[in-house]
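Asks: generate coordinates for the sequence data below:
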Amino acid sequence: MKFAMKAGALLTAVAISMTGVIAMQSTAHADWDWCFDDPLTLVQGRVIDVQVGVPLTSVKNINGPVAVTVYVPSNVSANVVLSLGVLYPVSTQVVRTSEVWKAGTPVNVRVDVLAKSKAGTSFPVTMLVTHQNAGLTVVDIKTVQGTSNQVVSGKFALSPILGLLP
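Replies: All right, here's what the predicted structure looks like:
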């Protein structure tokens, strides 16, 4: 049951992500097949799913691991749960900022993604950030589109779960 929910949530997120990619008027093309890897980070008791996508034809042009950095306030519980890239290498880290979080308020989170490309190549990069809340997928950062060798960044506030988030 949990696997089916996770698989359904992942398919929903990919569909949402692809809708955003197709709607973008940047360098993305609707005819590209996208490859996603999604490192997981635990922030204040919630699993944050950072989905990083590159076109299938560009996977061979990735130079080194795709760097995912999750920024959280200094006093927030956060760590990397899974940073395994199946289609390409991924490196994930949590960085604590100077901000101090106040209990009972949303947790400010920023996610940066950097995919370096081999010399003479360039490709689009997309990022979607989600988490589960009461069995539903919550989109924290809707699809952000960027380019290799540039940081793709997004911010969101992780709200308490019905006042239960300490």
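
Asks: buried stuff in the longest strand that the chain contains?
Replies: Among the elements of the chain assigned as strand by DSSP state E, the one spanning the most residues is strand 136-147. Using 16 or more other Cβ atoms under 10 Å as the test for burial, strand 136-147 gives 137, 139-141, 143-146. Every C-beta, even on glycine, is put in place using the N, C-alpha and C of the backbone.

Asks: can you check stretch 126-133 too?
Replies: For stretch 126-133, a neighbour-count test (16+ other Cβ under 10 Å) marks 126-131 as buried.

Asks: would you quantify the distance from the residue lying farthest from the centre of the chain to Ser58?
Replies: For the chain, the largest distance from the centre (Cα atoms, centre = their mean) belongs to Gly120, which lies 26.2 Å off. Distance from Gly120 to Ser58, counting by Cβ to Cβ, to the nearest Å: 13 Å.

Asks: ok, Gln51 next?
Replies: Going from Gln51 to Ser58 by Cβ to Cβ gives 16 Å.

Asks: please name the bridge partners of Leu82.
Replies: Leu40 (DSSP bridges).

Asks: what about it, how many neighbours?
Replies: 13 (other Cβ atoms under 10 Å).

Asks: what about it, distance to Val90?
Replies: When distance is defined by Cβ to Cβ, Leu82 is 9 Å away from Val90.

Asks: and for those two, which residues touch both?
Replies: Taking Cβ atoms under 8 Å, 6 or more residues apart in numbering as the contact criterion, the common neighbours of Leu82 and Val90 are Pro39.

Asks: and what about Val52, helix, strand or coil?
Replies: Reducing the assignment to helix, strand or coil with DSSP: H, G, I helix; E, B strand; the rest coil, the entry for Val52 is strand.
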